[in-house]
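Give me a 3D structure for the following:
(one chain, ligands or ions: 1)
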Amino acid sequence: MGGMFERDLDIYRNRDALREDYQPDTLVGRDEELERYKTALQPVINGEQPNNIFLYGKTGVGKTAGTRFLLDHLIDDAAQYDDIKLTVKMLNCDGLSSSYQIATRLVNKFRDESNQISTTGYPRSTVYDMLWEELDKCGGTILIVLDEVDHINDDSILYQLPRARANGNLSNAKIGIIGISNDFSFRDNLSPKVKSSLCEEEIQFPAYDAQELIQILRQRADVAFYDGVLTDGVIELCAAYGAKDAGDARQSLDLLMKTGDLARDRDTKAITEDLVRDARNELERGRIREGISGLTQHGHLVLYALITLDREGETPVRSRDIRPRYTNFANQIGADPLVPRRMRDHLGELSMLGIISAVERNEGRRGGTYREYSVDMDINMILSALDETITEVGVHESIAGIFAEDTTLERYT
Ligand SMILES: Nc1ncnc2c1ncn2[C@@H]1O[C@H](COP(=O)(O)OP(=O)(O)OP(=O)(O)O)[C@@H](O)[C@H]1O
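Numbers count the residues shown, from 1 in each chain. Reported below is the predicted structural model:
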(Lines give C-alpha, C1' and ligand atoms only; values in the text may rest on other atoms or scores of the structure.)
Protein backbone atom coordinates (compact mmCIF):
# COMPACT_ATOMS: atom_id res chain seq x y z
CA MET A 1 0.00 0.00 0.00
CA GLY A 2 0.98 3.60 -0.32
CA GLY A 3 2.33 3.17 -3.86
CA MET A 4 1.63 5.60 -6.65
CA PHE A 5 -1.20 3.45 -8.03
CA GLU A 6 -3.89 1.94 -5.93
CA ARG A 7 -6.70 -0.27 -7.12
CA ASP A 8 -10.07 1.42 -6.86
CA LEU A 9 -12.83 -0.56 -5.27
CA ASP A 10 -15.67 1.89 -5.18
CA ILE A 11 -17.24 2.31 -8.58
CA TYR A 12 -16.52 -0.38 -11.13
CA ARG A 13 -16.82 -4.08 -10.63
CA ASN A 14 -16.01 -4.63 -14.31
CA ARG A 15 -15.54 -1.49 -16.36
CA ASP A 16 -14.85 -3.50 -19.52
CA ALA A 17 -18.54 -4.41 -19.67
CA LEU A 18 -19.21 -0.88 -20.90
CA ARG A 19 -16.77 -1.18 -23.73
CA GLU A 20 -17.74 -1.66 -27.32
CA ASP A 21 -16.14 -5.08 -27.65
CA TYR A 22 -17.96 -6.63 -24.70
CA GLN A 23 -20.36 -9.24 -25.98
CA PRO A 24 -23.47 -9.55 -23.79
CA ASP A 25 -25.07 -13.02 -23.51
CA THR A 26 -28.37 -11.79 -24.83
CA LEU A 27 -29.35 -8.81 -26.90
CA VAL A 28 -32.15 -6.72 -25.56
CA GLY A 29 -34.58 -4.46 -27.38
CA ARG A 30 -34.03 -5.95 -30.82
CA ASP A 31 -36.54 -8.83 -30.82
CA GLU A 32 -38.38 -8.03 -34.00
CA GLU A 33 -35.28 -7.41 -36.10
CA LEU A 34 -33.55 -10.51 -34.78
CA GLU A 35 -36.63 -12.59 -35.51
CA ARG A 36 -36.55 -11.48 -39.15
CA TYR A 37 -32.82 -12.00 -39.32
CA LYS A 38 -33.24 -15.48 -37.90
CA THR A 39 -35.87 -16.31 -40.52
CA ALA A 40 -33.53 -15.12 -43.25
CA LEU A 41 -30.83 -17.47 -41.93
CA GLN A 42 -33.13 -20.47 -41.60
CA PRO A 43 -32.19 -22.02 -45.01
CA VAL A 44 -28.71 -22.69 -43.61
CA ILE A 45 -30.07 -25.13 -41.06
CA ASN A 46 -32.26 -26.72 -43.70
CA GLY A 47 -29.19 -27.39 -45.81
CA GLU A 48 -30.50 -25.09 -48.53
CA GLN A 49 -28.72 -22.40 -50.49
CA PRO A 50 -28.47 -19.47 -48.02
CA ASN A 51 -30.08 -16.12 -48.63
CA ASN A 52 -27.97 -13.07 -49.23
CA ILE A 53 -28.83 -10.61 -46.52
CA PHE A 54 -28.34 -6.89 -46.39
CA LEU A 55 -28.50 -5.13 -43.02
CA TYR A 56 -28.65 -1.43 -42.76
CA GLY A 57 -29.19 1.13 -40.07
CA LYS A 58 -27.36 3.98 -38.41
CA THR A 59 -24.25 3.50 -36.39
CA GLY A 60 -24.53 1.78 -32.99
CA VAL A 61 -27.92 0.16 -33.48
CA GLY A 62 -26.75 -3.42 -32.99
CA LYS A 63 -26.07 -4.57 -36.56
CA THR A 64 -22.70 -6.09 -35.73
CA ALA A 65 -23.70 -7.26 -32.26
CA GLY A 66 -26.87 -8.83 -33.63
CA THR A 67 -24.95 -10.57 -36.40
CA ARG A 68 -22.38 -11.99 -33.98
CA PHE A 69 -25.11 -13.12 -31.64
CA LEU A 70 -27.17 -14.95 -34.27
CA LEU A 71 -24.21 -16.45 -36.08
CA ASP A 72 -22.79 -17.82 -32.82
CA HIS A 73 -26.09 -19.59 -32.26
CA LEU A 74 -26.27 -20.71 -35.85
CA ILE A 75 -22.81 -22.25 -35.67
CA ASP A 76 -23.67 -24.09 -32.45
CA ASP A 77 -26.98 -25.32 -33.76
CA ALA A 78 -25.62 -26.32 -37.17
CA ALA A 79 -23.10 -28.54 -35.39
CA GLN A 80 -26.04 -30.73 -34.29
CA TYR A 81 -26.69 -31.76 -37.88
CA ASP A 82 -24.25 -34.19 -39.46
CA ASP A 83 -25.11 -33.18 -42.99
CA ILE A 84 -24.32 -29.49 -42.49
CA LYS A 85 -20.85 -28.08 -42.57
CA LEU A 86 -21.07 -24.38 -41.83
CA THR A 87 -18.18 -21.97 -42.17
CA VAL A 88 -18.53 -18.28 -41.27
CA LYS A 89 -15.97 -15.65 -42.24
CA MET A 90 -16.29 -12.05 -41.13
CA LEU A 91 -14.45 -9.27 -42.89
CA ASN A 92 -14.59 -5.60 -41.99
CA CYS A 93 -14.21 -3.60 -45.19
CA ASP A 94 -13.03 -0.43 -43.45
CA GLY A 95 -9.75 0.49 -45.16
CA LEU A 96 -10.39 -1.88 -48.06
CA SER A 97 -11.67 0.06 -51.01
CA SER A 98 -11.59 -2.33 -53.93
CA SER A 99 -13.00 -5.72 -54.85
CA TYR A 100 -9.45 -6.82 -55.41
CA GLN A 101 -8.48 -6.08 -51.82
CA ILE A 102 -11.57 -7.83 -50.52
CA ALA A 103 -10.86 -10.89 -52.64
CA THR A 104 -7.24 -11.24 -51.48
CA ARG A 105 -8.30 -10.84 -47.83
CA LEU A 106 -10.93 -13.52 -48.30
CA VAL A 107 -8.49 -15.91 -49.92
CA ASN A 108 -6.20 -15.47 -46.94
CA LYS A 109 -9.00 -16.07 -44.49
CA PHE A 110 -9.35 -19.56 -45.93
CA ARG A 111 -5.64 -20.29 -46.00
CA ASP A 112 -3.40 -21.00 -43.07
CA GLU A 113 -0.70 -18.69 -41.82
CA SER A 114 2.11 -20.26 -43.81
CA ASN A 115 0.28 -20.06 -47.09
CA GLN A 116 -0.97 -16.45 -47.32
CA ILE A 117 -0.95 -14.63 -50.65
CA SER A 118 0.41 -11.16 -51.19
CA THR A 119 -2.31 -8.52 -51.20
CA THR A 120 -0.96 -6.90 -54.37
CA GLY A 121 0.48 -7.94 -57.69
CA TYR A 122 -1.93 -10.50 -59.15
CA PRO A 123 -4.34 -9.90 -61.99
CA ARG A 124 -7.83 -9.66 -60.56
CA SER A 125 -9.08 -12.73 -62.38
CA THR A 126 -6.29 -14.79 -60.83
CA VAL A 127 -7.33 -13.73 -57.37
CA TYR A 128 -10.94 -14.59 -58.12
CA ASP A 129 -9.88 -18.03 -59.34
CA MET A 130 -7.94 -18.55 -56.12
CA LEU A 131 -11.01 -17.51 -54.19
CA TRP A 132 -13.29 -19.98 -55.99
CA GLU A 133 -10.74 -22.67 -55.37
CA GLU A 134 -10.59 -21.95 -51.65
CA LEU A 135 -14.35 -21.77 -51.35
CA ASP A 136 -14.85 -25.06 -53.13
CA LYS A 137 -12.08 -26.71 -51.13
CA CYS A 138 -13.81 -25.59 -47.96
CA GLY A 139 -17.19 -26.74 -49.29
CA GLY A 140 -20.43 -26.96 -47.36
CA THR A 141 -22.29 -23.78 -46.52
CA ILE A 142 -20.19 -20.64 -46.30
CA LEU A 143 -21.45 -17.35 -44.93
CA ILE A 144 -19.33 -14.34 -45.70
CA VAL A 145 -20.06 -11.27 -43.61
CA LEU A 146 -18.89 -8.01 -45.14
CA ASP A 147 -19.19 -5.38 -42.41
CA GLU A 148 -19.05 -1.72 -43.53
CA VAL A 149 -19.54 -3.01 -47.05
CA ASP A 150 -20.08 0.56 -48.34
CA HIS A 151 -16.31 1.10 -48.20
CA ILE A 152 -15.92 -0.99 -51.35
CA ASN A 153 -15.86 1.38 -54.29
CA ASP A 154 -16.43 -1.00 -57.16
CA ASP A 155 -19.10 -3.63 -56.97
CA SER A 156 -17.39 -6.40 -58.90
CA ILE A 157 -16.98 -8.70 -55.90
CA LEU A 158 -20.54 -8.00 -54.78
CA TYR A 159 -21.68 -9.16 -58.17
CA GLN A 160 -19.33 -12.12 -58.49
CA LEU A 161 -19.72 -13.72 -55.08
CA PRO A 162 -23.49 -14.23 -55.03
CA ARG A 163 -23.38 -15.53 -58.59
CA ALA A 164 -20.32 -17.72 -58.34
CA ARG A 165 -22.39 -20.88 -58.32
CA ALA A 166 -24.71 -19.83 -61.12
CA ASN A 167 -21.70 -18.84 -63.21
CA GLY A 168 -20.16 -22.25 -62.78
CA ASN A 169 -17.25 -21.03 -60.67
CA LEU A 170 -18.26 -23.17 -57.72
CA SER A 171 -19.54 -26.69 -57.57
CA ASN A 172 -19.30 -27.70 -53.91
CA ALA A 173 -19.78 -24.64 -51.78
CA LYS A 174 -23.03 -22.83 -51.11
CA ILE A 175 -22.32 -19.20 -50.48
CA GLY A 176 -24.37 -16.61 -48.62
CA ILE A 177 -23.31 -12.99 -48.29
CA ILE A 178 -24.28 -10.81 -45.37
CA GLY A 179 -23.61 -7.16 -46.14
CA ILE A 180 -23.76 -4.59 -43.35
CA SER A 181 -23.88 -0.85 -43.90
CA ASN A 182 -24.77 2.38 -42.17
CA ASP A 183 -24.72 4.35 -45.39
CA PHE A 184 -28.27 4.63 -46.64
CA SER A 185 -27.28 5.83 -50.08
CA PHE A 186 -25.03 2.82 -50.65
CA ARG A 187 -27.92 0.49 -51.35
CA ASP A 188 -29.65 2.93 -53.65
CA ASN A 189 -26.51 3.49 -55.69
CA LEU A 190 -25.84 -0.17 -56.34
CA SER A 191 -26.35 -1.27 -59.90
CA PRO A 192 -29.67 -3.10 -60.33
CA LYS A 193 -28.03 -6.44 -60.98
CA VAL A 194 -25.97 -6.24 -57.78
CA LYS A 195 -28.86 -4.93 -55.76
CA SER A 196 -31.15 -7.76 -56.71
CA SER A 197 -28.71 -10.44 -55.65
CA LEU A 198 -27.03 -8.80 -52.67
CA CYS A 199 -30.22 -7.44 -51.18
CA GLU A 200 -32.33 -10.58 -51.42
CA GLU A 201 -33.35 -10.11 -47.81
CA GLU A 202 -33.15 -6.62 -46.40
CA ILE A 203 -33.36 -5.93 -42.73
CA GLN A 204 -33.38 -2.45 -41.35
CA PHE A 205 -32.22 -1.79 -37.82
CA PRO A 206 -33.93 1.37 -36.60
CA ALA A 207 -32.45 3.71 -34.01
CA TYR A 208 -33.11 2.76 -30.39
CA ASP A 209 -35.75 4.60 -28.42
CA ALA A 210 -35.23 5.58 -24.80
CA GLN A 211 -36.95 2.45 -23.45
CA GLU A 212 -34.71 0.17 -25.46
CA LEU A 213 -31.60 2.08 -24.44
CA ILE A 214 -32.64 1.74 -20.79
CA GLN A 215 -32.74 -2.05 -21.21
CA ILE A 216 -29.34 -2.09 -22.90
CA LEU A 217 -27.72 0.18 -20.31
CA ARG A 218 -29.23 -1.74 -17.35
CA GLN A 219 -27.89 -4.99 -18.69
CA ARG A 220 -24.36 -3.63 -18.89
CA ALA A 221 -24.53 -1.55 -15.70
CA ASP A 222 -25.41 -4.64 -13.66
CA VAL A 223 -22.11 -6.17 -14.69
CA ALA A 224 -20.05 -3.00 -14.71
CA PHE A 225 -20.84 -1.24 -11.44
CA TYR A 226 -20.90 -2.30 -7.81
CA ASP A 227 -24.39 -2.57 -6.35
CA GLY A 228 -25.81 0.71 -5.14
CA VAL A 229 -23.35 2.95 -7.00
CA LEU A 230 -25.88 4.22 -9.53
CA THR A 231 -28.55 6.44 -8.02
CA ASP A 232 -32.10 6.42 -9.36
CA GLY A 233 -32.56 8.14 -12.68
CA VAL A 234 -28.98 7.86 -13.93
CA ILE A 235 -29.66 5.13 -16.47
CA GLU A 236 -32.86 6.85 -17.54
CA LEU A 237 -31.03 10.11 -18.11
CA CYS A 238 -28.25 8.48 -20.15
CA ALA A 239 -30.92 6.75 -22.23
CA ALA A 240 -32.90 9.95 -22.70
CA TYR A 241 -29.83 11.77 -24.00
CA GLY A 242 -28.98 8.80 -26.21
CA ALA A 243 -32.46 8.65 -27.72
CA LYS A 244 -32.45 12.38 -28.33
CA ASP A 245 -29.04 12.34 -30.01
CA ALA A 246 -29.03 9.42 -32.38
CA GLY A 247 -30.53 6.34 -30.74
CA ASP A 248 -27.05 4.89 -30.78
CA ALA A 249 -26.25 2.27 -28.11
CA ARG A 250 -22.53 2.86 -28.38
CA GLN A 251 -22.87 6.55 -27.63
CA SER A 252 -25.09 5.86 -24.61
CA LEU A 253 -22.67 3.29 -23.27
CA ASP A 254 -19.85 5.80 -23.71
CA LEU A 255 -21.79 8.35 -21.75
CA LEU A 256 -22.36 5.92 -18.90
CA MET A 257 -18.67 5.04 -18.86
CA LYS A 258 -17.61 8.67 -18.92
CA THR A 259 -19.94 9.27 -15.98
CA GLY A 260 -18.38 6.38 -14.09
CA ASP A 261 -14.90 7.69 -14.85
CA LEU A 262 -15.80 11.14 -13.56
CA ALA A 263 -17.10 9.60 -10.36
CA ARG A 264 -13.84 7.76 -10.00
CA ASP A 265 -11.74 10.85 -10.69
CA ARG A 266 -13.69 12.89 -8.21
CA ASP A 267 -13.58 10.19 -5.58
CA THR A 268 -17.32 10.12 -5.10
CA LYS A 269 -19.01 6.91 -4.07
CA ALA A 270 -22.29 7.43 -5.88
CA ILE A 271 -23.15 8.33 -9.43
CA THR A 272 -25.79 11.02 -9.70
CA GLU A 273 -27.70 12.68 -12.52
CA ASP A 274 -25.53 15.78 -12.15
CA LEU A 275 -22.51 13.71 -12.95
CA VAL A 276 -24.22 12.47 -16.12
CA ARG A 277 -24.73 16.07 -17.22
CA ASP A 278 -21.08 16.89 -16.58
CA ALA A 279 -19.97 13.82 -18.48
CA ARG A 280 -22.20 14.70 -21.40
CA ASN A 281 -20.78 18.17 -21.50
CA GLU A 282 -17.26 16.84 -21.63
CA LEU A 283 -18.08 14.37 -24.38
CA GLU A 284 -19.86 17.02 -26.43
CA ARG A 285 -16.97 19.38 -26.01
CA GLY A 286 -14.58 16.71 -27.21
CA ARG A 287 -16.80 15.80 -30.13
CA ILE A 288 -17.19 19.41 -31.25
CA ARG A 289 -13.52 20.11 -30.85
CA GLU A 290 -12.64 17.05 -32.86
CA GLY A 291 -15.19 17.83 -35.56
CA ILE A 292 -14.06 21.42 -35.86
CA SER A 293 -10.37 20.64 -35.83
CA GLY A 294 -10.91 18.34 -38.79
CA LEU A 295 -12.28 21.17 -40.91
CA THR A 296 -10.32 23.28 -43.35
CA GLN A 297 -9.64 26.97 -42.88
CA HIS A 298 -12.67 27.88 -44.99
CA GLY A 299 -14.84 25.55 -42.94
CA HIS A 300 -13.73 27.50 -39.87
CA LEU A 301 -14.46 30.84 -41.54
CA VAL A 302 -17.92 29.76 -42.63
CA LEU A 303 -18.69 28.56 -39.12
CA TYR A 304 -17.37 31.75 -37.56
CA ALA A 305 -19.53 33.81 -39.91
CA LEU A 306 -22.61 31.79 -39.00
CA ILE A 307 -21.94 32.14 -35.28
CA THR A 308 -21.73 35.91 -35.48
CA LEU A 309 -25.00 36.04 -37.44
CA ASP A 310 -26.59 33.83 -34.83
CA ARG A 311 -25.43 36.19 -32.08
CA GLU A 312 -27.09 39.03 -33.97
CA GLY A 313 -30.36 37.13 -34.10
CA GLU A 314 -30.15 36.62 -37.86
CA THR A 315 -30.51 32.83 -37.90
CA PRO A 316 -31.92 30.75 -39.50
CA VAL A 317 -30.13 32.24 -42.45
CA ARG A 318 -29.61 31.36 -46.10
CA SER A 319 -26.18 30.69 -47.47
CA ARG A 320 -26.28 33.78 -49.69
CA ASP A 321 -26.80 35.89 -46.56
CA ILE A 322 -23.90 34.21 -44.80
CA ARG A 323 -21.71 34.93 -47.76
CA PRO A 324 -20.91 38.64 -47.24
CA ARG A 325 -19.71 38.04 -43.70
CA TYR A 326 -17.74 34.98 -44.72
CA THR A 327 -16.15 36.92 -47.56
CA ASN A 328 -15.15 39.69 -45.16
CA PHE A 329 -13.56 37.24 -42.80
CA ALA A 330 -11.67 35.56 -45.61
CA ASN A 331 -10.40 38.90 -46.89
CA GLN A 332 -9.39 39.85 -43.38
CA ILE A 333 -6.85 37.04 -43.32
CA GLY A 334 -5.91 37.30 -46.99
CA ALA A 335 -7.61 34.09 -48.12
CA ASP A 336 -9.49 33.88 -51.43
CA PRO A 337 -13.18 33.38 -50.67
CA LEU A 338 -14.61 30.19 -52.12
CA VAL A 339 -17.28 30.26 -54.81
CA PRO A 340 -20.83 30.01 -53.40
CA ARG A 341 -21.15 26.38 -54.28
CA ARG A 342 -18.01 25.36 -52.41
CA MET A 343 -19.02 27.53 -49.50
CA ARG A 344 -22.32 25.63 -49.35
CA ASP A 345 -20.42 22.34 -49.29
CA HIS A 346 -18.85 23.51 -46.07
CA LEU A 347 -22.23 24.31 -44.61
CA GLY A 348 -23.33 20.81 -45.58
CA GLU A 349 -20.33 19.29 -43.86
CA LEU A 350 -20.94 21.31 -40.71
CA SER A 351 -24.52 20.13 -40.54
CA MET A 352 -23.47 16.55 -41.11
CA LEU A 353 -21.21 16.88 -38.09
CA GLY A 354 -24.20 18.09 -36.08
CA ILE A 355 -22.55 21.42 -35.29
CA ILE A 356 -25.10 23.42 -37.24
CA SER A 357 -28.51 22.49 -38.56
CA ALA A 358 -29.98 22.93 -42.02
CA VAL A 359 -33.69 23.11 -42.79
CA GLU A 360 -35.05 22.73 -46.29
CA ARG A 361 -37.59 25.40 -47.36
CA ASN A 362 -39.72 25.92 -50.43
CA GLU A 363 -39.53 29.11 -52.37
CA GLY A 364 -43.07 30.13 -53.31
CA ARG A 365 -45.10 28.09 -55.73
CA ARG A 366 -42.78 28.04 -58.70
CA GLY A 367 -39.49 28.30 -56.96
CA GLY A 368 -37.10 25.56 -55.97
CA THR A 369 -35.96 24.69 -52.49
CA TYR A 370 -33.29 26.35 -50.41
CA ARG A 371 -31.74 25.74 -47.05
CA GLU A 372 -31.63 27.77 -43.91
CA TYR A 373 -28.87 27.30 -41.42
CA SER A 374 -28.69 27.82 -37.70
CA VAL A 375 -26.33 26.94 -34.88
CA ASP A 376 -27.16 23.75 -33.07
CA MET A 377 -24.56 23.63 -30.35
CA ASP A 378 -23.57 25.62 -27.35
CA ILE A 379 -21.91 28.74 -28.78
CA ASN A 380 -19.24 28.91 -26.10
CA MET A 381 -18.13 25.41 -26.90
CA ILE A 382 -17.83 26.23 -30.57
CA LEU A 383 -16.00 29.48 -29.91
CA SER A 384 -13.47 27.76 -27.74
CA ALA A 385 -12.81 25.28 -30.54
CA LEU A 386 -12.51 28.14 -33.02
CA ASP A 387 -10.07 30.17 -30.98
CA GLU A 388 -7.29 30.04 -33.55
CA THR A 389 -9.53 31.36 -36.31
CA ILE A 390 -10.87 34.06 -34.03
CA THR A 391 -7.35 35.11 -33.16
CA GLU A 392 -6.51 35.41 -36.83
CA VAL A 393 -9.66 37.15 -38.01
CA GLY A 394 -10.20 39.22 -34.88
CA VAL A 395 -13.08 39.27 -32.42
CA HIS A 396 -16.30 40.24 -34.13
CA GLU A 397 -18.41 42.74 -32.18
CA SER A 398 -21.26 40.26 -31.81
CA ILE A 399 -19.12 38.07 -29.61
CA ALA A 400 -17.08 40.81 -27.97
CA GLY A 401 -19.09 40.44 -24.76
CA ILE A 402 -18.04 36.83 -24.45
CA PHE A 403 -14.41 37.74 -24.89
CA ALA A 404 -14.54 40.91 -22.77
CA GLU A 405 -12.18 39.58 -20.15
CA ASP A 406 -9.82 38.03 -22.62
CA THR A 407 -7.45 40.81 -23.52
CA THR A 408 -5.12 38.68 -25.60
CA LEU A 409 -7.47 38.76 -28.56
CA GLU A 410 -7.45 41.46 -31.20
CA ARG A 411 -10.70 43.13 -32.13
CA TYR A 412 -12.08 42.35 -35.57
CA THR A 413 -12.26 45.54 -37.59
N1 LIG B 1 -29.58 -4.69 -28.43
C2 LIG B 1 -28.43 -4.58 -27.79
N3 LIG B 1 -28.24 -5.16 -26.60
C4 LIG B 1 -27.06 -5.04 -25.97
N5 LIG B 1 -26.01 -4.33 -26.44
C6 LIG B 1 -26.15 -3.73 -27.63
C7 LIG B 1 -27.35 -3.82 -28.36
N8 LIG B 1 -27.21 -3.11 -29.50
C9 LIG B 1 -25.98 -2.59 -29.50
N10 LIG B 1 -25.33 -2.96 -28.38
C11 LIG B 1 -23.98 -2.57 -28.05
O12 LIG B 1 -23.72 -1.28 -28.62
C13 LIG B 1 -22.43 -1.23 -29.23
C14 LIG B 1 -22.56 -0.90 -30.72
O15 LIG B 1 -23.32 -1.89 -31.38
P16 LIG B 1 -22.90 -2.48 -32.81
O17 LIG B 1 -21.41 -2.52 -32.94
O18 LIG B 1 -23.65 -3.73 -33.02
O19 LIG B 1 -23.49 -1.35 -33.74
P20 LIG B 1 -23.56 -1.30 -35.31
O21 LIG B 1 -24.99 -1.10 -35.65
O22 LIG B 1 -22.88 -2.47 -35.90
O23 LIG B 1 -22.81 0.04 -35.60
P24 LIG B 1 -21.69 0.39 -36.70
O25 LIG B 1 -22.45 0.58 -37.97
O26 LIG B 1 -21.11 1.66 -36.18
O27 LIG B 1 -20.73 -0.74 -36.72
C28 LIG B 1 -21.80 -2.58 -28.95
O29 LIG B 1 -21.03 -2.45 -27.77
C30 LIG B 1 -22.97 -3.49 -28.70
O31 LIG B 1 -22.62 -4.57 -27.85
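
Quick one: name the residues of this structure near the ligand.
The chain comes close to the ligand at residues 20, 24, 27-30, 57, 59-65, 182, 216, 249-250, 253, as judged by Cβ under 6 Å from any ligand atom. Using the backbone N, CA and C atoms, a C-beta is placed for each residue, glycine as well.

Can you tell me which of these end up in helices?
Lys63, Thr64, Ala65, Ile216, Ala249, Arg250, Leu253 (DSSP state H).

on that earlier part again, quick one: buried ones out of the residues of the chain next to the ligand?
Neighbour-count burial (16 or more other Cβ atoms under 10 Å) applied to those gives 27-30, 57, 60-65, 182, 216, 249-250, 253.

Farthest pair within those residues?
Val28 and Asn182 (20.6 Å; Cβ to Cβ).

how close does the one residue in the stretch 251-400 of the chain that gets nearest to the ligand get to Ala17?
Per Cβ to the nearest ligand atom, Leu253 is where the stretch 251-400 of the chain lies closest to the ligand, at 5.9 Å. For Leu253, the distance to Ala17 equals 9 Å [Cβ to Cβ, to the nearest Å].

residues shared between the contacts of those two?
Jointly contacting Leu253 and Ala17 under the rule Cβ atoms under 8 Å, 6 or more residues apart in numbering are Arg220.

Next up, the contacts around the closest residue to Asn362 other than its chain neighbours.
Sequence neighbours aside, Thr369 is the residue nearest to Asn362 in space, at 5.6 Å (criterion: Cβ to Cβ, 6 or more residues apart in numbering). Applying Cβ under 8 Å, 6+ apart to Thr369 gives the contacts Glu360, Arg361, Asn362, Glu363.

Counting neighbours, which of the residues you listed comes out on top?
Arg361 (11 neighbours; other Cβ atoms under 10 Å).

any idea whether that one is helix, strand or coil?
Following DSSP: H, G, I helix; E, B strand; the rest coil, Arg361 is assigned to strand.

please begin residue numbering at 48 from this point
Got it, the first residue is 48 from now on, which makes the last one we talked about Arg408.

wait, it sits on Tyr420?
No - contact criterion Cβ atoms under 8 Å: Arg408 and Tyr420 do not qualify, at 11.1 Å.

Check the residue nearest to Asn409 and give its pLDDT.
Note on Thr416: pLDDT of 86.

And for the one 4 residues further on?
In this prediction, Tyr420 carries a pLDDT score of 96.

Please apply the same query to the one 5 residues further on.
Asp425 is assigned 83 on the pLDDT scale.

tell me the contacts of the closest residue to Asp357 other than its chain neighbours?
Leaving out its chain neighbours, the residue that sits closest to Asp357 by Cβ to Cβ, 6+ apart is Val422, at 4.5 Å. Neighbouring residues of Val422 by Cβ under 8 Å, 6+ apart: Leu353, Ile354, Asp357, Thr362, Ile402, Ile403, Ser404, Ile429.

Most neighbours among those, which one?
Greatest neighbour count in these, by other Cβ under 10 Å, goes to Leu353: 26 neighbours.

Tell me who's in contact with it.
By Cβ under 8 Å, 6+ apart, the residues touching Leu353 are Thr362, Val364, Ile369, Leu394, Leu397, Ile403, Tyr420, Ser421, Val422.

May I see those organised as TSV, with distance to Val154 and secondary structure added?
Shown next, in TSV, are those (distance: Cβ to Cβ, whole Å; DSSP: H, G, I helix; E, B strand; the rest coil):
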residue	distance to Val154	secondary structure
Thr362	54	coil
Val364	54	strand
Ile369	51	helix
Leu394	44	helix
Leu397	42	helix
Ile403	45	strand
Tyr420	48	strand
Ser421	51	strand
Val422	50	strand
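
Pull the contacting residues for the residue most central in space within the chain.
Centroid check for the chain by Cα atoms, centre = their mean gives Thr106 as the closest residue, at 3.8 Å. By Cβ under 8 Å, 6+ apart, the contact list for Thr106 reads Asn229, Ala293, Asp295, Arg297.

Can you tell me the closest non-neighbouring residue to the first one?
Think Asn229. In space, and not counting its chain neighbours, Asn229 is closest to Thr106: 4.9 Å by Cβ to Cβ, 6+ apart.

just to revisit the earlier point, hey, what's the residue nearest to Asp357 bridged with?
Note on Val422: beta-bridge partners by DSSP bridges are Ile403.

Can you tell me the number of residues neighbouring the residue nearest to Arg267 when sequence neighbours are not counted?
Spatially, and ignoring its direct neighbours in sequence, Arg267 is nearest to Ala64 (5.1 Å; Cβ to Cβ, 6+ apart). Using other Cβ under 10 Å, Ala64 has 18 neighbouring residues.

I'd assumed Ile263 was in contact with Ala64.
No - the pair Ala64 and Ile263 fails to qualify as a contact (Cβ under 8 Å) at a distance of 11.7 Å.

what helices or strands is the worst-scoring helix or strand of the chain on mean pLDDT leaning on?
The weakest-scoring helix or strand in the chain, judged by mean pLDDT, DSSP states H and E, is helix 231-235 (a mean of 82). In this structure, helix 231-235 makes packing contacts with strand 100-103, judged by 3 or more Cβ pairs under 8 Å, 6 or more residues apart in numbering; DSSP states H and E.

What pairs with the strand it packs on, parallel or antiparallel?
strand 221-228 (parallel), strand 248-251 (parallel).

Mean neighbour count, those strands: which tops it?
Of the strands paired with strand 100-103, the one with the most neighbours on average (mean count of other Cβ atoms under 10 Å) is strand 221-228, at a mean of 23.

pLDDT on that one, on average?
94.

And the longest helix belonging to the chain, what does it pack against?
Looking across the chain with DSSP H, the single longest helix is helix 320-340. The contact analysis (3+ Cβ pairs under 8 Å, 6+ apart) places helix 320-340 against helix 281-292, helix 296-312, helix 344-358, helix 426-432.

Could you list the residues in contact with the helix or strand just after the third one?
Remark: after helix 344-358, the chain's next helix or strand is strand 364-365, criterion DSSP states H and E. Counting by Cβ under 8 Å, 6+ apart, strand 364-365 makes contact with Leu353, Leu356, Tyr417, Arg418, Glu419, Tyr420, Ser421, all of which sit outside it.

Return the member of the residues you listed nearest to Val174.
Looking at the contacts of strand 364-365 and their distance to Val174, the nearest is Arg418, at 44.9 Å (Cβ to Cβ).

Thanks a lot, see you next time.
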